[in-house]
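# Coordinates only, no sequence provided:
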């Protein structure tokens, strides 16, 4: 009898210990995923804020360029995500700071493109300085400063105020060439022609041995979800959120920033009547005809990302109050068409019958553009 009681007690202790270990493992992995995800999403938030820096408002008529080549397909199987479809142009059209492909990617997610000189991967792309009448640079006093002598590649913008009082930024070029090499002796063709002119130099890319011109006069990062190199802990219906820089030679450099990503939706908040309050919301730029209108009307950019937290937990049931609206990836105060409503049957069809054994979270990034 004593042995029977002892065996029952040991079985209960063993079972409790197993549950404690399983719970600790789940919590530890969930915290690890959160930390990794937060770092990646902070990178994305920073890029959204930097969009627009160094973008010209006007280009010389002789200028033409290509950002992404026609052959670049970053999300296989989704033809509307071909990177070239988010090129601006043909030049001399002023580039947009943001471009969005709505519901055209993995699991119906959006494809987001942000543009500006700081959105590359080189050490010079977040630096700038002044160029004076004597074709000499003066420091911006913002670290890191641009250094001369390495033939790093930059652009020059002529800035000022137009006849209507609005700011101007015109790309400076020497014929068809808009690449300004940071050499010991600078090209005088890019310097101000009059003492009162203001020219700013923005670093874009490192120099190369061949002295190659820039392919396009800014940098660009594309954000998307694709199914590749995914963690075995992720649900098979999820993918990875990537940031990809389109390099000046047309090749991509990919950075995975969030595992187990299931959906991404982007919404632009616009103030069309200029009264200081957003009155129009869009998940594409079809309604915005010019980059100038986007600069003047855009008040806020929001990105919603649905992702799995931690690994599958058979002892957990994701709460569902309405099967028709199990998860909303978007702003609940806006029309459903601007986001993505996942019903319980759709979740089951995409992520499997055990989808409720996963913890799902919608991350929200809110940015008020200040550099357009």
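That came in fine, so what should we check first? Keep in mind the model is a prediction, meaning the values are calculated, not measured.

# What helices and strands are in contact with the lengthiest strand in the chain?
Identified as the longest strand of the chain according to DSSP state E is strand 252-270. Contact analysis of strand 252-270 by 3 or more CB pairs under 8 Å, 6 or more residues apart in numbering; DSSP states H and E lists helix 2-50, strand 98-101, strand 219-226, strand 239-246, strand 280-282, strand 298-309, strand 327-329, strand 340-342 as its packing neighbours. Every C-beta, even on glycine, is put in place using the N, C-alpha and C of the backbone.

# Let's see that with 6 Å instead.
Judged by 3 or more CB pairs under 6 Å, 6 or more residues apart in numbering; DSSP states H and E, strand 252-270 is in contact with helix 2-50, strand 239-246, strand 280-282, strand 298-309.

# Need the contact partners of the last one.
By CB atoms under 6 Å, 6 or more residues apart in numbering, the residues outside strand 298-309 that reach it are 30, 33, 48, 235, 238, 260-271, 278, 329-330, 358-359, 361-369.

# before we move on, the earlier item: where among the helices and strands packed on strand 252-270 is average confidence lowest?
Note on those: lowest mean pLDDT is at helix 2-50, with a mean of 58.

# Report the residue spans of the stretch 101-250 of the chain with pLDDT below the cut-off.
Flagging of the stretch 101-250 of the chain using pLDDT under 70 yields the residue ranges 142.

# would you list every one of the strands in it?
Remark: strands assigned in the stretch 101-250 of the chain by DSSP state E, counting those that start in this stretch are 111-116, 128-131, 137-139, 152-161, 167-171, 180-182, 198-205, 219-226, 239-246.

# okay if I get those as JSON lines plus distance to residue 312 and mean neighbour count?
Formatted as JSON lines, these follow (distance: least, CB to CB, whole Å; neighbours: other CB atoms under 10 Å):
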{"stretch": "strand 111-116", "distance to residue 312": "29", "mean neighbour count": "26"}
{"stretch": "strand 128-131", "distance to residue 312": "48", "mean neighbour count": "21"}
{"stretch": "strand 137-139", "distance to residue 312": "54", "mean neighbour count": "14"}
{"stretch": "strand 152-161", "distance to residue 312": "48", "mean neighbour count": "21"}
{"stretch": "strand 167-171", "distance to residue 312": "51", "mean neighbour count": "16"}
{"stretch": "strand 180-182", "distance to residue 312": "53", "mean neighbour count": "23"}
{"stretch": "strand 198-205", "distance to residue 312": "44", "mean neighbour count": "23"}
{"stretch": "strand 219-226", "distance to residue 312": "20", "mean neighbour count": "26"}
{"stretch": "strand 239-246", "distance to residue 312": "17", "mean neighbour count": "24"}
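
# Serialize these to a markdown table and add fields for distance to residue 188.
Formatted as a markdown table, the strands of the stretch 101-250 of the chain follow (distance: least, CB to CB, whole Å):
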| stretch | distance to residue 188 |
| --- | --- |
| strand 111-116 | 27 |
| strand 128-131 | 10 |
| strand 137-139 | 13 |
| strand 152-161 | 12 |
| strand 167-171 | 17 |
| strand 180-182 | 11 |
| strand 198-205 | 12 |
| strand 219-226 | 26 |
| strand 239-246 | 31 |
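
# Cool, thanks, talk later.
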